[in-house]
Each structure stands twice: as C-alpha cells, then as structure tokens.
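Student: coords please:
(2 chains)
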Protein chains: 2
Amino acid sequence: MAGRRHITAPAGFRAAGVACGVKPGGREDLAIIAADRDASVAIATTRNQVFGAPIQWCRSILPRGCGKARGIVINAGVSNVCTGSRGMRDARTMAAETAVRLGTEPRKILVASTGIIGHRLPMTKIKRGIAAAAGSLGTRNDSAALRAIMTTDTREKSAVVTTRLGGKAAIVAGIVKGAGMIAPSLATMIGVITTDAAVAPSMLKKALTAAARSSFNAVTVDGDTSTSDIVAVFASGAAGNGRFTSGSRDHRRFAGALAGVCMQLARAVANDGEGATKLVEVAVRGARSDRDAEIAAKSVANSPLFKCAVHGCDPNWGRIACALGKSAAKVVPEKLSIAIGATTVFRRGRPVPFSARRVAKYLAGKTVAVTCNLGVGRAGFMALTCDLTREYVAINADYHT
Amino acid sequence: MAGRRHITAPAGFRAAGVACGVKPGGREDLAIIAADRDASVAIATTRNQVFGAPIQWCRSILPRGCGKARGIVINAGVSNVCTGSRGMRDARTMAAETAVRLGTEPRKILVASTGIIGHRLPMTKIKRGIAAAAGSLGTRNDSAALRAIMTTDTREKSAVVTTRLGGKAAIVAGIVKGAGMIAPSLATMIGVITTDAAVAPSMLKKALTAAARSSFNAVTVDGDTSTSDIVAVFASGAAGNGRFTSGSRDHRRFAGALAGVCMQLARAVANDGEGATKLVEVAVRGARSDRDAEIAAKSVANSPLFKCAVHGCDPNWGRIACALGKSAAKVVPEKLSIAIGATTVFRRGRPVPFSARRVAKYLAGKTVAVTCNLGVGRAGFMALTCDLTREYVAINADYHT
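Tutor: Purely as a prediction, here's the structure:
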C-alpha cells in the first residue's frame, strides 16, 4: 500500500516494510531503509547497561557513533536482548543477509530490533523477511516501513522539514516508533532520519547529539529507559550542496532542520505514550545548572501522582512541588513558583488564589504546559511526557510474554 | 468505639481520635498520642526539599532528631505544606493548644499533618478537635486514633511486639498511615511507635535509623517521596527495665523488637499501596555496594512496566533486566541472574527455559518475591512495593483538590 512519503522524500533513499510472521495477524514487522550509495551516518544509542545485541552490533561497526553506512534493517516483535552470544550472532546474520542483497558488506548495515526481551529471533522468518524487503525496496513504501517498526504505537509518527543549503533544496525526514519503556538517557526509542544534504559523519554526529538533548532525551513516558533505543540519521548527499563548515549559516540551517524533525518526532512519541490522552510539557526555569533543570523537569514528568492528576484534570499543584522537592536538583521552597498554563498557582513559596474551574478546564485540553521557576539560577529544560491512565496499566498488564 | 489495643499497649501512653470536620462525612481526622510523663523520643523525617510546616516544627524542637517529648498531635485532610509563614504559625498553634491541655510546653509536642498540599489548615476546626481529643485520651481509643490519621488507606495498619529487657516484659507497638506519595528517602509516611522500655533518646534515634533503613525506607509505592513523611518513636520507660548500654544483649533485643514493628508496618504500607492487589518484594544480592543494592532494587520496584507485569501475572522478566540496567548501580549483563519466586528465569546472561504457566500461577499470589543477583559483589537490599493497577490511576486521577 502506498502512503505519504517521508523517509524516502530526501533523494537517494529507498524503503520497504514486509510481514515475515513475527507479529501476529500478518502485520508488517520487518523494514529496510537503504541508501543508494554509502551515506554519512550518525547514531545515538541507549544508556541502559543492559542493551540488546543489535545495539552492540551498531556500536561495533560505528565505534565513534558515526561513519559511512548503506542502510538499516529493523524488526519488531522480538528485541534480541538478553539472548547471550547467540543474540550477537543473530544480529550479525541480519546485517549480513541484508548486505548481500544490497551489494555491500555487513559492517555497512545497521540493525535494530524491538519487542519482547529474552526471546531468540526466529531467524528463518527473519531471513525470509529480509529477502522479501530487499526485493521490494522503493520510494512508495514509506508507510509500510513505518508500520513494520511499530509495537504498541497507535499512530504513525513521521516528520519532514525542508531547507536550503548552498543554494540547493535539501530535505530532512524521519520516522520513529515508541510508546512504552521510554525514558531515553542518551538516545531513544527507534528512530530513523534521512536527509539528502551532504554532511560529514562527524558533523552529523554533533548535530544529532545537540538535537537529541532537547527532543528525544526530553521525552519520558514511564521512566523506563529501554534496552534497545537507537536513533540513526543517514545523509545521502544527493542534494548536491557543498560541504559546509562548523558554525556556518548552512550548518545552522541544517542543525535547525534536524532539530525540527527530532522535536516533531519526540512530541509525537510523548503524545502517543501508552494509554496517553494528552501531551504534557514540563518546563523548568531558574535552575542552578542545565543538569538540575533536566533532573527537576523529569522528576515532575515521571511522577505518577502528577500524571494521574493531569489525567483527572485536577489542578493539584502540590504534587508538582513534591516532585520538584524530592529530586536531586536544588529547590528552595521560598524561591519556587509554579504555573499551570498561564495561571500562576504558587509564587515564591506562597499559594496564589486561582479559579480551580478555569485551570481544570485548561487541563482538559490536548496539550498541557506546566512551568516551574526554581528561582535559584538561569538554566532551563523542557521535558515531554503524557498523562497516566487506566489504559497504560491495561496495556502493560495484558501485554503477555 | 473500642478496638484492638496497639499504641497504648505499652504502659504509659494514652490516645484519642476524633472527627473535627476536615475530612468529609464525619470521619475521624485528628489524633493525639500522649505519654503520661516526658518520654524519650526519636524522629526520622522526609528528605524531600519541599517539606511541610509540621516537619519544620518537629525539626526545630528536636534539632538532633531526638530528645524528650510528651506526645504528638496529627491531623489528616490538609497537610500544611507550601503554606508559607502562616503554615509555621498554624503548626506552632497546634502544638501550643495540645500542650496546654496536657499540662506541658509547646516544644514538648510533635505535630504531623497529611492530606492536600497548598491549603491552609482550618484552625477553628483543628482547635476544637484538639480540645475534644485531649478530653477523651484513654487506653481504649487506639483504633479511633489510627483511623484519624488515615487518608486513602484501606486498612488499619498496626503492629505489636513483646520482648524482655533486664528481666522485665516490654512492649513495642506502632501505627502507620500511607498509601500513595510514598517512596521514603529517610523516613516515611506518618508512623507513631510507642514502647514502655526505658531507652535513652540518642540510643532510640540510633535504633530507629537502623530499623528504618530496611523497613520504611525500603518501601516505594510510586516513587513520590512525600513532603510530610515522619516516623516518631516514644519510649515511656514504664516497663522499669534498667538503662542498657550499646551492644548489650538488651540493646540487641530492643533493636530487634523495634525493627520487627517497623518491618510489619512497612510491609503493611506496601501491601496497602493505592490500588494494590499484592505485596511485591524485590531483593537484590551480589551488588558492588549497599548503595548500589538499594538503587537497583528500587529501580525495579519503581518501574511502572514491571509493576504492571506483576499485576497482569506476566512472567516478563525482561522488564526486570531493563529496570536494573537503567539504574545507576553497576550491572553487567553477563553476570546477572534473575529469579521469580523459586524459579530462575535468567542465569549469568542467558535465558533459562521455564514453565510460563507455573510462574504466572506464582505471580497470581498475594505476595510476590523477585530476586536479582548482580554477581559483582556482596551487598544486598530488599525493596517493598506493590503492583500498579487501574485503581491506582482511578484513585489519583479522581482525588480532587
């Protein structure tokens, strides 16, 4: 089925998504995204100490987190984590099977897997899937490829941004999956970003690291940093722009486009958090340091009590104060102010009378913003999360091994 | 209504619980627990940087966390947190009103409050309640006093342990409230422990600190360390035992009895976590340090995904491995082993085949034990928690300000 183009919108990329029988019901569960020629690539991977064989494979072929690659093969249903040395062999086999069909070497193929932990990959099905996907690569399969990497996601999450570099039109596009087990530390869920811009690998890595901090790394659905998080960005160079230097206008433009794609994808992930009914932005200002700002914002964004209150449209700001205070960030109650939307409810240590009805109405919207000014410095951070609902519990109590 | 005796079981204590109109429906909401004479006292209080005026009051009268006191007054419904300087005046007034009725000074009266954050105490009702409670102190009101400190608790949680010190029978008894916003860092929820043993204040403080680490501080319902957590232990000395020295047999016996009461109360709190259907014990062994063991155990105990899996009786041990790996504790996948109940599911980095049906049946019980051996050291810790259910969300989305 043809759908909207996103990851093949930049010139030089093809994609495919097929059903190889790992997910039940004949749904797509294996994707390949391939560059026509070797492309610049940069990756950001999970900080979880228990990480999957695919993560290990990607780190082994890109020890500095960037280099040249031809594509990525992704399966959903089984994550190939906690599978011992056989898991690493299976990841290598996925790369090799893909490489031979793309006419390249295994070490030019990234691998990502998502799904249940502790199960071995059904390699016969996977190999058959790789053959089928490689045989159907094209520029009209973006939706199928995206559907193939989804697990409990309820929406297809993609983004496309255009820019101009050295007088040439360039496109940055991305897809992402992720709904639960999400609280990236370094990278996030599984995301693939493509661009036809010409960008050197090391510059691509720097731009990805910068963009990830305020986007993927700002998302927390449940505080559970996954064992399989990876974001990979490929740059084909087909746009024909000249190589740009660090700090140049083209560099800023490209970094801006990449950050824009990452932020759209990250917001989509938070918004599609398991069971979520709304997107919640928790901004912390006036923190002593960048690190304090992030810690404080994530402490609120991870508080089950706060997330339940948002779900119930309850302007119970005490739970925000509690979550800030329990964090390792420096918090001085007398200097703390809290606003829900545009309504200040706590100013420098004192409650402010407000219309609970009006704030409850605001909380009933699809996007909720909370701003906490710690009043002890100048650093800030915005965390992205969602509300905590009965459906989150239903999904995760009923998702059976 | 007379009920089972617990906090007045040790000689030298009286209690009362009355309804003063803060909780709706005429339910008890104010308690006094009083010693007949000045008693040794030790407290452990929350580590949250945003703490209530009652906590501030208790710290001001017991700057070293121990000393002499006559009793404690506790109200439920409004926590007197984030209430500015008026909150501190209200806490002092509660102490003064109680003191005058017990014939002592305000600085001999501890204060604790639990309930909504950011609202002022309705002091007219509170004063009336203090007068009524002080007038009805006795040794048959234990249940009323316990009910008065409860909020979303569904069960009365108390414990009584007897021991012998210097040839005399001595009793240690306690009550506790706490169901949500529970992840103590230093102390916990609100707990009051009484004993007729004669114990010096500093020794009482040491024994409380030791007992709290493996009991109250091991409990996490939702990771939200409250702004109002306090445990106070009073020792009347009415048992008539001679003062014992540090390290003596009597010291070990008393410490053991206190630890026993704390552990019973802590398990009751985890078991009565908001929406909980079962008690979950997460033991970590083989950690590099005590701190690593605690961090790792709590990372599992706080993982929403793990808690949902336990609720759904799903032997999805990958979520345990994920929660261990994301923690700051040292985890080496190849050295990690995991058991659910008596069934090892992951041994030194490799999945172990097991009967999913049998483990699911085990998970359906009222108490679930998970053991994680990190294999990198000798330290251990056991965290206490509960499952995460739709009811937790219902309670906290619908608990309105």
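
Student: right, is the helix or strand hosting A:G256 up against chain B?
Tutor: For A:G256, the host element (DSSP states H and E) is helix A:249-271. No. Judged by C-beta under 8 Å from any C-beta of the partner chain, helix A:249-271 stays clear of chain B, getting no closer than 15.2 Å. No exception for glycine: its C-beta is placed from N, CA and C like everyone else's.

Student: which ones are touching A:S355?
Tutor: Applying C-beta atoms under 8 Å, 6 or more residues apart in numbering or on different chains to A:S355 gives the contacts A:T343.

Student: try A:C386
Tutor: A:V221, A:A270, A:N271, A:G273, A:G275, A:A276, A:T277, A:K278, A:L279, A:V280, A:K307.

Student: neighbours around the closest residue to the last one other than its chain neighbours, how many?
Tutor: So that's A:K307. Among residues not flanking A:K307 along the chain, A:L388 sits closest, at 3.6 Å (C-beta to C-beta, 6 or more residues apart in numbering or on different chains). Neighbourhood size, A:L388 [other C-beta atoms under 10 Å in any protein chain shown]: 34.

Student: Identify the residues contacting stretch A:113-124?
Tutor: By C-beta under 8 Å, 6+ apart, the residues outside stretch A:113-124 that reach it are A:21-22, A:52-54, A:74-83, A:86-87, A:90-91, A:93-94, A:149, A:151, A:177, A:190, A:227-228, A:401, B:316-319, B:321-322, B:345-346, B:351.

Student: Listing partners with orientation, what would you give for the host helix or strand of A:I193?
Tutor: According to DSSP H and E, A:I193 maps onto strand A:190-195. Sheet partners assigned to strand A:190-195 using DSSP bridges are listed as strand A:168-177 (antiparallel), strand A:230-235 (parallel).

Student: Tell me which of those is the most buried.
Tutor: Among the strands paired with strand A:190-195, the stretch with the highest mean neighbour count (mean count of other C-beta atoms under 10 Å in any protein chain shown) is strand A:230-235, at a mean of 29.

Student: what distance separates the start and the end of stretch A:234-246?
Tutor: Length of stretch A:234-246, first residue to last, C-alpha to C-alpha, to the nearest Å: 18 Å.

Student: pLDDT averaged over that stretch, what's the number?
Tutor: For stretch A:234-246, mean pLDDT is 92.

Student: now do stretch A:24-39
Tutor: Stretch A:24-39 comes out with an average pLDDT of 95.

Student: quick one, domains of chain A?
Tutor: Taking automatic domain parsing as the domain assignment, the ranges for chain A are A:13-271, A:279-398.

Student: now these as JSON lines including distance to B:L121?
Tutor: JSON lines is the format used below for the domains of chain A (distance: least, C-beta to C-beta, whole Å):
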{"stretch": "domain A:13-271", "distance to B:L121": "34"}
{"stretch": "domain A:279-398", "distance to B:L121": "13"}
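
Student: In the stretch 51-200 of chain A, which residue sits nearest chain B?
Tutor: In the stretch 51-200 of chain A, the residue that lies nearest chain B is A:I117 (2.3 Å; C-beta to the nearest C-beta).

Student: how would you label A:A328: helix, strand or coil?
Tutor: With DSSP: H, G, I helix; E, B strand; the rest coil as the basis, A:A328 sits in coil.

Student: I'd like the distance between A:I340 and B:K361.
Tutor: Using C-beta to C-beta, to the nearest Å, A:I340 is found at 46 Å from B:K361.

Student: Same check on A:F216?
Tutor: A:F216 sits 39 Å away from B:K361, going by C-beta to C-beta.

Student: quick one, what contacts the nearest residue to A:S136 once chain neighbours are set aside?
Tutor: Using C-beta to C-beta, 6+ apart and skipping residues adjacent in sequence, the residue nearest A:S136 is A:A16, 4.6 Å away. Taking C-beta under 8 Å, 6+ apart, we find A:A16 in contact with A:A31, A:I32, A:A132, A:A133, A:A134, A:G135, A:S136, A:L137, A:G138, A:N141, A:A144, A:A145.

Student: Now do the same contact list for the third one.
Tutor: If a contact means C-beta under 8 Å, 6+ apart, then A:A132 has A:A16, A:V18, A:C20, A:L30 as its contacts.

Student: out of those residues, which one sits closest to chain B?
Tutor: Here the nearest of the contacts of A:A132 to chain B, counting by C-beta to the nearest C-beta, is A:L30; it sits at 20.6 Å.

Student: Just give the closest residue to the residue of the stretch 51-200 of chain A closest to chain B, not the sequence neighbours.
Tutor: With C-beta to C-beta, 6+ apart as the criterion, A:I117 has its nearest non-adjacent residue at 2.3 Å, and that residue is B:G318.

Student: likewise A:L363?
Tutor: Spatial nearest neighbour of A:L363, excluding adjacent residues (C-beta to C-beta, 6+ apart): A:C313 at 4.1 Å.
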